[in-house]
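*Asks:* Mind folding the following:
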Amino acid sequence: MSDRESARYVAAIDQGTTSTRCMIFDRSGSVVAVDQKEHEQIFPQAGWVEHDAQEIWHNVRTVAAGALAAADLTAADIASVGITNQRETALVWDRATGEPIYNAIVWQDTRTDKIVTALGDGDANRYTATTGLPLATYFSGPKVKWILDNVDGARARAEAGELCFGTMDSWVLWNMTGGVDGGLHVTDPTNASRTLLMDLDTLEWDESICRDMGIPTSMLPEIKSSSEVYGYARERGALRGVPIAGILGDQQAATFGQACLSPGEAKNTYGTGNFVLLNTGTEKVMSRNGLLTTVCYKIGEQDTVYALEGSIAVTGSLVQWLRDNLGMIGTAADIEKDARSVEDSGGAYFVPAFSGLFAPHWRADARGAIVGLTRFVNKGHLARAVLEATAYQTREVIEAMNADSGVDLEVLKVDGGMVVNELLMQFQSDILNVDVVRPVVAETTALGAAYAAGLAVGFWKSEDDIRANWAEDKTWTPSMDEKTRDRLYAGWKKAVTRTLDWVDTE
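*Replies:* Numbering: from 1, shown residues only. Here you go, the predicted model:
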């Protein structure tokens, strides 16, 4: 658009698990402004996690206006806007009214355990060759089936074409482009590849899997690339008239923002959960070691880029649990001070299998456990065990990734909220025995979505601009001896076995 040629910034809507924010970036990839708002976490019963999608849409509008106001900008200053989102969270809404027929069911939710067991009929890898995913409660397709099975009249309305399904990117885009008044029902391959419904090769919905799950394909959004102009923000919003030109699921967005754009480059995002992604290029590498094969990104008409992913359900949310459920710390930042009050975890291990175990185990029957307790263990030891759990789980995933790729990881790029915790970053380097590198802009999820949107409108000319923008902030190098490393990790592996077979899935 000619009226955008003088625009100096790109915006990103980052719709995350615990909050929504709008971030504005300049051409160097530096943060110009940010506004953020948390939303309610709804826990109707054990294992169920929901969000109010209308609250989230309200927050999107609030933070978009807030970020512009913080930098004294208007929509005319914004070249384009990208969307990134919590990926597997599923929502079904009415096309005519725009009202969700049920709360969004969050990726952490485990209510679909019986559905995925029945679909697998003894084979959790029934759809893996097509989708790259095992049958697990993590993914959004079975969540849609649960909604259609359990909300009165939902299945008949879906079959009549009255309902839309989408992950949160689709919900935000639909509303931003007009909602009931011409809203676009679109997703991108990174989000579609997390539904258990998309063919990884064709990037199209697989009709036979949709039939198996009883999901009418009329509900599903159109799959477009991760970087193209989908439409324009509607007139009533703060971003009115701005092209919406990028969609990437949060972990793929972080990979893009970390400039992991060549095969063999990997990043780990430390957020509510942890997610390690390894770029495998245009080759689709199928995991033999409990990882996921997923779409990394697709830029316009370019070939699809794939990734191997290790998904860890509970890392940052374990610190929140310590704060909110136990009241052991006042703020998340307090945990580092407590953990530094002791030399080690005192032999205690905390395996946070609150939603079962994700990669590389995929055990829905597991539940959280603290093991190795003695009278010696105090608050500081438990704080340290909480932090160390994140590093141990990351090592499990990295070992699987090394085995699948045939190449040992030499450097781990890290981002997300927990990377400010220097004790954790040092322990991560120690237990992996590799360098851990934090970039100057640690909020790479929003940055990746901004890059996708900016590439689509020529704000950035090519991926070389993204590589040039990436800059190192700090590197941690291993300082632990091999004997200690092996002893501690052996203890972790033993602790994991204590969490298994806890839930009777029958």
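*Asks:* longest helix in this structure, by residue count?
*Replies:* helix 379-405 (DSSP state H).
*Asks:* Which stretches in the stretch 201-350 of the chain count as strands?
*Replies:* According to DSSP state E, counting those that start in this stretch, the stretch 201-350 of the chain carries its strands in the segments 204-205, 222-223, 227-232, 243-249, 266-270, 274-281, 292-297, 305-312, 349-351.
*Asks:* repeat for the stretch 401-506 of the chain
*Replies:* Going by DSSP E, counting those that start in this stretch, the stretch 401-506 of the chain shows strands at 411-415, 435-439, 472-476.
*Asks:* Turn these into JSON lines, including mean pLDDT and mean neighbour count.
*Replies:* For every residue, glycine as well, the C-beta is placed using N, CA and C. As requested, the strands of the stretch 401-506 of the chain are arranged in JSON lines below (pLDDT from 0 to 100; neighbours: other CB atoms under 10 Å):
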{"stretch": "strand 411-415", "mean pLDDT": "91", "mean neighbour count": "21"}
{"stretch": "strand 435-439", "mean pLDDT": "93", "mean neighbour count": "21"}
{"stretch": "strand 472-476", "mean pLDDT": "94", "mean neighbour count": "13"}
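*Asks:* Can you add distance to Asp149 and give these back as JSON lines?
*Replies:* Below are the strands of the stretch 401-506 of the chain laid out as JSON lines (distance: least, CB to CB, whole Å):
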{"stretch": "strand 411-415", "distance to Asp149": "38"}
{"stretch": "strand 435-439", "distance to Asp149": "44"}
{"stretch": "strand 472-476", "distance to Asp149": "48"}
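*Asks:* between these, which one is nearest to Ile299?
*Replies:* Ile299 lies closest to strand 411-415 among the strands of the stretch 401-506 of the chain, at 19.9 Å (CB to CB).
*Asks:* Name the strands paired with the closest one and say parallel or antiparallel.
*Replies:* strand 266-270 (parallel), strand 435-439 (parallel) (DSSP bridges).
*Asks:* Now the first one: average pLDDT?
*Replies:* This means strand 266-270. Here strand 266-270 scores 91 as its mean pLDDT.
*Asks:* C-alpha coordinates for stretch 347-367, PDB please?
*Replies:* Extracted in PDB, the C-alpha atoms of stretch 347-367 (Å, rounded to 0.1, in the frame of the first residue of the first chain):
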ATOM      1  CA  GLY A 347      19.200 -34.600  46.600                       C
ATOM      2  CA  ALA A 348      15.600 -33.500  45.900                       C
ATOM      3  CA  TYR A 349      14.100 -33.700  42.400                       C
ATOM      4  CA  PHE A 350      10.800 -32.100  41.300                       C
ATOM      5  CA  VAL A 351       9.200 -33.800  38.200                       C
ATOM      6  CA  PRO A 352       6.300 -31.400  37.200                       C
ATOM      7  CA  ALA A 353       4.100 -33.900  35.300                       C
ATOM      8  CA  PHE A 354       1.000 -31.800  36.000                       C
ATOM      9  CA  SER A 355      -0.400 -32.500  32.500                       C
ATOM     10  CA  GLY A 356       1.400 -35.900  32.100                       C
ATOM     11  CA  LEU A 357       4.800 -35.900  30.500                       C
ATOM     12  CA  PHE A 358       5.200 -34.500  27.000                       C
ATOM     13  CA  ALA A 359       8.400 -35.100  24.900                       C
ATOM     14  CA  PRO A 360      10.100 -37.400  24.700                       C
ATOM     15  CA  HIS A 361       7.900 -39.600  27.000                       C
ATOM     16  CA  TRP A 362       4.300 -38.900  25.900                       C
ATOM     17  CA  ARG A 363       2.800 -40.400  29.100                       C
ATOM     18  CA  ALA A 364      -0.600 -39.000  29.900                       C
ATOM     19  CA  ASP A 365      -0.700 -41.300  33.000                       C
ATOM     20  CA  ALA A 366       2.200 -39.500  34.800                       C
ATOM     21  CA  ARG A 367       1.600 -36.900  37.500                       C
END
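*Asks:* What residues of it count as buried?
*Replies:* Using 16 or more other CB atoms under 10 Å as the test for burial, stretch 347-367 gives 348-364, 366-367.
*Asks:* Tell me which of these fall in strands.
*Replies:* Under the assignment DSSP state E, those contribute Tyr349, Phe350, Val351 to strands.
*Asks:* What about Tyr127, how many residues nearby?
*Replies:* Residues lying near Tyr127 (other CB atoms under 10 Å) number 24.
*Asks:* Might you report the residue contacts of it?
*Replies:* By CB atoms under 8 Å, 6 or more residues apart in numbering, Tyr127 lies in contact with Leu133, Leu135, Leu196, Asp206, Ile209.
*Asks:* Looking at these, which two lie furthest apart in space?
*Replies:* Checking those with CB to CB, the most distant pair is Leu135 and Asp206, at 13.9 Å.
*Asks:* Name the residue in these two with the higher neighbour count.
*Replies:* Neighbour count, other CB under 10 Å: between Leu135 and Asp206, Leu135 has more, with 26 against 20.
*Asks:* That one and Ile105, how far apart?
*Replies:* According to CB to CB, to the nearest Å, Leu135 stands 16 Å off from Ile105.
*Asks:* so which of the contacts of Tyr127 would you say is closest to Val314?
*Replies:* Once CB to CB is applied, the member of the contacts of Tyr127 that ends up nearest Val314 is Leu133, at 19.5 Å.
*Asks:* secondary structure class for the closest one?
*Replies:* Under DSSP: H, G, I helix; E, B strand; the rest coil, Leu133 falls in the coil class.
*Asks:* Can you tell me which of the contacts of Tyr127 is nearest Gly454?
*Replies:* Leu133 (30.1 Å).
*Asks:* Contact partners for that closest one?
*Replies:* Tyr127, Phe139, Ser193, Arg194, Leu196, Leu292, Thr293, Thr294.
*Asks:* Of those residues, just say which sits nearest to Asp430.
*Replies:* Leu292 (26.8 Å).
*Asks:* possible to save the strands paired with strand 411-415 as a markdown table with distance to Phe376?
*Replies:* Below are the strands paired with strand 411-415 laid out as a markdown table (distance: least, CB to CB, whole Å):
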| stretch | distance to Phe376 |
| --- | --- |
| strand 266-270 | 29 |
| strand 435-439 | 30 |
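*Asks:* pretty sure Gly47 contacts Arg111?
*Replies:* Yes: between Gly47 and Arg111 there is a contact under CB atoms under 8 Å: 6.2 Å.
*Asks:* so the closest residue to Ile115 other than its chain neighbours is in which element?
*Replies:* Using CB to CB, 6 or more residues apart in numbering and skipping residues adjacent in sequence, the residue nearest Ile115 is Pro142, 4.6 Å away. Assigned by DSSP states H and E, Pro142 belongs to helix 140-150.
*Asks:* what's the neighbour count on Arg375?
*Replies:* Arg375: 5 neighbours (other CB under 10 Å).
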